[in-house]
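> This is a predicted model, with the sequence first.
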Amino acid sequence: MTQSQLSKVWFVVSALLLYYALNSWVVAQGGEEIFGAKLVMKGRVPAVMIAIPICSILLALTSLVGRVYSLRAGSKWHDRIPVVGFDGIDTGSREGRVYQGVMITVFSLLPAIALVYFWCTFLSATVMLNDGKKDPGASLWDWSQLRTLNDPARICTEFHKELADPCIGNATVLPGLEPTIFGALTLAAIVVLAMHWRAVVSANCMSPNRSITAHGK
């Protein structure tokens with residue numbers, strides 16, 4: 001693929017990531033989805049729980065595309081960020097550098113920050129085993145509670161024991177299994193994200209053509 005095509009792919013995947021992350025964050029704050037799109041589960045905890053794997057996968061994809069672009073681009077950091085919207089922009093100008101900095105912050109850094117928030121909300125939520133006791137306090141990481149794949153536990157947005165159904169705004173969770181899978185996906189996304197940012201900021205990143213020319217001299 002050409003650099004222009006990589007830029008377009010990076011923008012599409014990054015825009016989808018940002019849109020989903022923002023929608024999940026808005027719903028987690030008690031708001032309505034942006035533009036009325038129905039993409040996110042209702043309830044703070046269910047919304048962030050689903051957002052973790054989806055945003056992790058999208059972040060890994062957009063970081064991978066961004067890294068490929070960076071490794072083929074010039075020696076300056078602003079040249080190694082995919083160009084969004086303006087193919088003829090002078091990325092070396094003051095305005096161009098600001099623009100490129102804003103793009104990678106909005107499309108790469110902000111979703112990563114949102115992912116941290118999703119994890120904090122997920123890990124702090126109340127978990128109730130589906131054993132009829134209606135007792136809170138089960139651990140998300142307790143593999144011993146994974147006795148069945150059919151609704152073993154509930155993770156709650158709010159918990160009020162005095163109610164007939166104390167787990168409000170809930171979603172099914174598989175203790176041990178799902179947090180581990182989510183953690184692996186997020187770790188992979190962080191690794192690829194770090195590789196992407198390293199490729200952007202490293203002064204040693206040069207395109208293959210530039211490297212060949214340099215060796216030829």
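Looks like it came in fine.
> Scan this protein for its longest helix.
helix 44-72 (DSSP state H).
> Which positions within the helix or strand just after it qualify as buried?
Remark: after helix 44-72, the chain's next helix or strand is helix 94-104, criterion DSSP states H and E. By 16 or more other CB atoms under 10 Å, the buried positions in helix 94-104 come out as 96-97, 99-100, 103-104. Heads up, the C-betas are built off the backbone N, CA and C, glycines and all.
> follow-up on the earlier one: if I take the longest helix of the chain and helix 94-104, what angle do their directions form?
140 degrees (axes from the mean of the first three to the mean of the last three CA atoms, to 10 degrees).
> how distant is helix 44-72 from the center of its chain?
4 Å (CA atoms, centre = their mean, to the nearest Å).
> For it, buried residues please.
44-56, 58-72.
> ok, now how distant is residue 161 from residue 135?
8 Å (CB to CB, to the nearest Å).
> Equivalent analysis for residue 115, please.
The gap separating residue 115 from residue 135 is 30 Å, by CB to CB.
> Compare neighbour counts for those two and give me the winner.
A count of neighbours by other CB atoms under 10 Å puts residue 115 above the other of residue 115 and residue 135, at 23 against 12.
> which residues does the residue nearest the centre of the chain contact?
By CA atoms, centre = their mean, the chain has its centre lying nearest to residue 55, at 3.2 Å. When contacts are counted by CB atoms under 8 Å, 6 or more residues apart in numbering, residue 55 touches 17, 20-21, 24, 111, 114-115, 118, 189.
> One more: residue 97?
Each residue near residue 97 by CB under 8 Å, 6+ apart is listed here: 78, 91.
> From residue 189, how far out is it?
Applying CB to CB to residue 97 and residue 189 gives a distance of 27 Å.
> per-residue confidence at residue 214?
On pLDDT, residue 214 comes in at 33.
> can I assume residue 79 is in contact with residue 93?
No: taking contacts as CB atoms under 8 Å, residue 79 lies outside contact range of residue 93: 12.0 Å.
> Which of these two has more residues huddled nearby?
With neighbours defined as other CB under 10 Å, residue 79 and residue 93 compare such that residue 79 has more, 19 against 11.
> Now for the closest residue to that one other than its chain neighbours, how many residues are close by?
Of all residues not flanking residue 79 in the chain, residue 73 sits nearest, at 4.9 Å (CB to CB, 6 or more residues apart in numbering). Around residue 73 sit 24 other residues, with neighbours defined as other CB under 10 Å.
> does residue 122 sit in a helix, a strand or a coil?
helix (DSSP: H, G, I helix; E, B strand; the rest coil).
> what's around it, how many residues?
Neighbours around residue 122, by other CB under 10 Å: 20.
> correct me, but it touches residue 48?
Yes: contact criterion CB under 8 Å: residue 122 and residue 48 qualify, at 5.4 Å.
> Low-confidence regions, the chain specifically.
Filtered on pLDDT under 70, the chain yields the residue ranges 35-38, 203-217.
> how is it carved up into domains?
3-125+177-216, 129-173 (automatic domain parsing).
> Out of those, which is the most enclosed?
The highest average neighbour count among these, using mean count of other CB atoms under 10 Å, belongs to domain 3-125+177-216 at a mean of 17.
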